[in-house]
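# Here you go, sequence then predicted model.
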Amino acid sequence: MPAVSKGDGMRGLAVFISDIRNCKSKEAEIKRINKELANIRSKFKGDKALDGYSKKKYVCKLLFIFLLGHDIDFGHMEAVNLLSSNKYTEKQIGYLFISVLVNSNSELIRLINNAIKNDLASRNPTFMCLALHCIANVGSREMGEAFAADIPRILVAGDSMDSVKQSAALCLLRLYKASPDLVPMGEWTARVVHLLNDQHMGVVTAAVSLITCLCKKNPDDFKTCISLAVSRLSRIVSSASTDLQDYTYYFVPAPWLSVKLLRLLQCYPPPEDAAVKGRLVECLETVLNKAQEPPKSKKVQHSNAKNAILFETISLIIHYDSEPNLLVRACNQLGQFLQHRETNLRYLALESMCTLASSEFSHEAVKTHIDTVINALKTERDVSVRQRAADLLYAMCDRSNAKQIVSEMLRYLETADYAIREEIVLKVAILAEKYAVDYSWYVDTILNLIRIAGDYVSEEVWYRVLQIVTNRDDVQGYAAKTVFEALQAPACHENMVKVGGYILGEFGNLIAGDPRSSPPVQFSLLHSKFHLCSVATRALLLSTYIKFINLFPETKATIQGVLRAGSQLRNADVELQQRAVEYLTLSSVASTDVLATVLEEMPPFPERESSILAKLKRKKGPGAASALDDGRRDPSSNDINGGVEPTPSTVSTPSPSADLLGLRAAPPPAAPPASAGAGNLLVDVFDGPAAQPSLGPTPEEAFLSELEPPAPESPMALLADPAPAADPGPEDIGPPIPEADELLNKFVCKNNGVLFENQLLQIGVKSEFRQNLGRMYLFYGNKTSVQFQNFSPTVVHPGDLQTHILSLAVQTKRVAAQVDGGAQVQQVLNIECLRDFLTPPLLSVRFRYGGAPQALTLKLPVTINKFFQPTEMAAQDFFQRWKQLSLPQQEAQKIFKANHPMDAEVTKAKLLGFGSALLDNVDPNPENFVGAGIIQTKALQVGCLLRLEPNAQAQMYRLTLRTSKESVSRHLCELLAQQF
């Protein structure tokens, strides 16, 4: 770069900047800027021609004003004129202005392209570099089409200067990432590989970055780079720090180039040439040896550079997975980092050891560090490090240490962070099943799981224990005894009641001989939990009761009395009412033989792969499959421990009598949408999770088919049920309670929870959404001992009433007008999003308590982000789409102070709960979060991209939303900003 002479200083610019800094208020700053803009505009429009210096000065002022956040709508042509100057400083300012202010769709692009073409043809290395930098910074498709063929020629030309080659390589890399189809693959591809032998280290570094990107798409075209990369790496690793003085960073020779070369080698399998492979192994051993040497400097930069090379070397060793000696050495080296004082090193060591644990060569070496990893799980302050420690314990588990690891993970689960509890539960369930030699230990482990973290035990987990107990005669009695004891706890989780209901209904006779667990005692214990449970669990318990009549005839009169009670026969829930009526009739009409046939013990479940493992793979993402499927290291594990469950192709058709009880069949297709929806949540464990036809619809298709959209003929009628004259109309609904917005915000990133609670009433919510459809269950609980009269919940959408355009269609199921003291009623809402909306629906609840009217209005937790469909995107697709959404009205941005502790894991969980997909390795700053998704409505789909930039030092966030619709951008930005 040429030196800048004294005469190039711009005094007018310095004075203007000084004036801006001295402004005492925002108004004074705007006034000074407007004055300067008027002066510049008059100079550009004046009759007197401006010289290059004046143009440069005024363009610099415009650039400074733009960087202050003000719009600039003139001066672009003057900047383009500066490109034709022969002075470096003037040309530099012109290119800088264009790179920052000129839109890729600007009408001036053609003129800019001509100027760039002239500079590329000038053979002046300084001007060529400026032109290449501009192409890379703008990176538009039009520029790519204009120069994609020229830049490779400049790159491989023999007379190109080193600085030009370096810029050309990086420019070509930028164009390839933006538009891969524009970069032609020709004879230059073979020549660019030989840049790895270039004398200039900067050229080699840029070339490695380019080749690494290109070889991922066309590996065969660049296969010759392996030997050259190994040769270059060998020279760097074996050199002393004094040999590469210009590229030595704190006594570490060329660390950035070393890391890039190691990453390039990870794109290919181990070298086939024995000499090249031997040289590479020698390089890797040298790096491992240097890691053991005492540091040459106490500066953190030295250790960072040294460790960067070491970890990339270990990644290459793991990638090859063919050198037992290197794998064990890598494991031992990582073991030293497990107790390092630097948190990042501990995290990276745990992460790398997780991969090493799946290798047959290094698994035993990893196991030697089990005590250190367990200690990290207990004492580590950083949640992300604790999560990696849990991952490593899962990866290193085998038959020899399964009980120890499961015990430690259960102990950790009691204090684990909420964000990772479900994942820990799944891992414990998988390990307990996979390595169970004694199935009584397995039963104890799962029941402990439910006791410690019942809210996080998914259906797959307790389904699984029921299947295993059903299939194994030797554990059935123990399971019945253990679950009976667990149910005696004063407070036990609902999942424990489900497991207990099923096991005692099937195998309660095995413990009935003990007076302490006699049939009446078993029934009383289960029925004492009945009123505390959800509708799904109550339905299961009713099935258990009818099973008891078959197992224990002496309980028949007591159970019939329960089934005959008005709270069952007149239950507001159709499923419970139907079961009570059918079970009562069956027990009264059927003979003992018929009862024994209909209610016989469940047959063993057919065997197949465990759905718990499948769920953990889905939760960890596609990249985790290899780490989870590590069966090769434990050949002794058999099918019994491998995890099995019913397979659709082998499930037999249930008998007609069993079908009449609704124990196996799903709700009939002809059922109304509301009742079908209610029945769908009442998962009957007597069915088993896989009693579906093998060619049935996917869960998403089934969900969408059950959610029949409200009829289009009269959409306004769907905002509320047909109401009697006494029901309030939308105009009679009062304003929402003062805390309605605060309650709504709690549900923006979650679907289940308590929406409202006071001394009289509790309202709970459980909802699920697919595409533009949703189903919501509202649970109204009477907390008093007095019956509620004239109970009437009504749903309206005020946004529709204001605009007279229907945005949401809500179909509601009516509830009983009386709610007994201590009882709970359920209301089902089917929701269809017709177009984007800003205001949520209102829920008005009116009733009489002790003769006094009660009324409250809440905002229903249905926000536009509930109809988000996560979308995975590659980095180049994301940035291409981000640029397409560059209009000012398409972007909403908010900078705000953090209202909660800034925790990366919590932030990730909230963004996932918000509905978007989180895209890894897209943002250059790994601390930032990038997401993508589509808002699904019936009328249109709105694509959405988001970027969240946390600043931990300032305790602030910057949130940017870009969508194809202005109102959606603003609304999503407001909704999400309130969550942090």
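It's in.
# mind saving the C-alpha coords of stretch 102-119 as PDB?
Below are the C-alpha coordinates for stretch 102-119, written out as PDB (Å, rounded to 0.1, in the frame of the first residue of the first chain):
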ATOM      1  CA  VAL A 102     -24.200   1.000  -2.800                       C
ATOM      2  CA  ASN A 103     -26.900  -1.600  -2.900                       C
ATOM      3  CA  SER A 104     -26.200  -4.700  -5.000                       C
ATOM      4  CA  ASN A 105     -29.300  -3.800  -7.100                       C
ATOM      5  CA  SER A 106     -28.200  -0.300  -7.700                       C
ATOM      6  CA  GLU A 107     -28.400   1.200 -11.200                       C
ATOM      7  CA  LEU A 108     -24.800   2.300 -10.800                       C
ATOM      8  CA  ILE A 109     -23.500  -1.300 -10.700                       C
ATOM      9  CA  ARG A 110     -22.800  -1.300 -14.400                       C
ATOM     10  CA  LEU A 111     -20.600   1.800 -14.100                       C
ATOM     11  CA  ILE A 112     -18.900   0.400 -11.100                       C
ATOM     12  CA  ASN A 113     -18.200  -2.900 -12.900                       C
ATOM     13  CA  ASN A 114     -16.600  -1.000 -15.800                       C
ATOM     14  CA  ALA A 115     -14.300   0.900 -13.300                       C
ATOM     15  CA  ILE A 116     -13.400  -2.400 -11.600                       C
ATOM     16  CA  LYS A 117     -12.600  -4.000 -15.000                       C
ATOM     17  CA  ASN A 118     -10.300  -1.200 -15.800                       C
ATOM     18  CA  ASP A 119      -8.400  -1.500 -12.500                       C
END
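# any idea how far that stretch is from the chain center?
Averaging C-alpha positions (Cα atoms, centre = their mean, to the nearest Å) puts stretch 102-119 40 Å from its chain's average.
# residues in contact with it?
76-77, 79-80, 83-84, 91, 98, 127-128, 130-131, 134-135, 138-143, 146-147, 150, 883, 886 (Cβ atoms under 8 Å, 6 or more residues apart in numbering). Using the backbone N, CA and C atoms, a C-beta is placed for each residue, glycine as well.
# buried stuff in that stretch?
Judged by neighbour count (16 or more other Cβ atoms under 10 Å), stretch 102-119 contains these buried residues: 102, 106, 109, 111, 112, 113, 115, 116, 119.
# before we move on, what about stretch 212-224?
The neighbour-count check on stretch 212-224 (16+ other Cβ under 10 Å) flags 212, 213, 214, 215, 221, 222 as buried.
# any idea which of these is closest to residue 817?
residue 213 (67.8 Å; Cβ to Cβ).
# Residue 360 in helix, strand or coil?
Look at residue 360: counting by DSSP: H, G, I helix; E, B strand; the rest coil, its state is coil.
# burial measure for it, as a count.
Look at residue 360: counted by other Cβ atoms under 10 Å, it has 14 neighbours.
# where's it relative to residue 322, distance?
According to Cβ to Cβ, to the nearest Å, residue 360 stands 11 Å off from residue 322.
# Please apply the same query to residue 602.
On the measure of Cβ to Cβ, residue 602 and residue 322 end up 49 Å apart.
# of the two, who's got more company?
It is residue 602, of residue 602 and residue 322, that has more neighbours when counted by other Cβ under 10 Å, with 20 against 14.
# Stretch 336-345: end-to-end distance?
10 Å (Cα to Cα, to the nearest Å).
# which SS state does residue 267 fall under?
The three-state assignment at residue 267 reads coil, by three-state DSSP.
# From the structure, what's the count of residues near it?
19.
# what do you get for residue 857?
By the measure other Cβ under 10 Å, the count of residues near residue 857 is 18.
# next one: residue 50
Neighbour number of residue 50 under other Cβ under 10 Å is 15.
# before we move on, what about residue 933?
Using other Cβ under 10 Å, residue 933 has 24 other residues around it.
# Next: residue 20.
16.
# Let me see the contact set for it.
By Cβ under 8 Å, 6+ apart, the contact set of residue 20 is 29, 32, 33, 68.
# switch to 6 Å and redo it
By Cβ atoms under 6 Å, 6 or more residues apart in numbering, the residues touching residue 20 are residue 29.
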